[in-house]
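A.B. asks: Model the structure of this input:
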Amino acid sequence: LSRFARVLKPGALFRFASDIDTYVNWTLEHCHEHGAFEWQAQSAADWHTPYEAWPGTRYEAKAFREGRKAAYLTFIRR
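C.D. replies: Residues are numbered from 1 along each chain as shown. This next block holds a predicted model:
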């Protein structure tokens, strides 16, 4: 996260998508603790809705076929 924070200008977006709960939880926890990133979600729909123009991935399609939901996290660099 420090490397991302170093190269992202303040106001830049850091986006993370995964269908693996432990990855999502780790990212939320560590971005919060790091302090350089602020989570932008206002409601659950914000992080369950793909980003605008999101092309999807084969991993995402596999997760959906297997009944898993993806999380789409957006943080802003402070």
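
A.B. asks: what are the ranges of the helices in this protein?
C.D. replies: 2-7, 21-34, 44-48, 58-65 (DSSP state H).

A.B. asks: among the ones you listed, which gets the worst mean confidence?
C.D. replies: Mean pLDDT values for these show the minimum at helix 44-48, a mean of 92.

A.B. asks: buried ones in it?
C.D. replies: Trp47 (16 or more other CB atoms under 10 Å). In this view, the C-beta of every residue, glycine as well, is placed from N, C-alpha and C.

A.B. asks: that older thread, would TSV of the helices of the chain with distance to Leu73 be doable?
C.D. replies: What follows is those, written out as TSV (distance: least, CB to CB, whole Å):
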stretch	distance to Leu73
helix 2-7	13
helix 21-34	6
helix 44-48	6
helix 58-65	14
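
A.B. asks: Looking at those, which is nearest to Tyr72?
C.D. replies: Checking the helices of the chain against Tyr72 by CB to CB gives helix 44-48 as the closest, at 5.7 Å.

A.B. asks: How about residues contacting that closest one?
C.D. replies: 40-41, 69-74 (CB atoms under 8 Å, 6 or more residues apart in numbering).

A.B. asks: one more time with 10 Å
C.D. replies: 16-17, 24, 28, 39-41, 69-74 (CB atoms under 10 Å, 6 or more residues apart in numbering).

A.B. asks: Now find how far off-centre that helix is within its chain.
C.D. replies: Mean C-alpha position of helix 44-48 versus that of the full chain (CA atoms, centre = their mean, to the nearest Å) differs by 10 Å.

A.B. asks: can you check stretch 11-19 too?
C.D. replies: Between the centre of stretch 11-19 and the centre of its chain there are 4 Å (CA atoms, centre = their mean).
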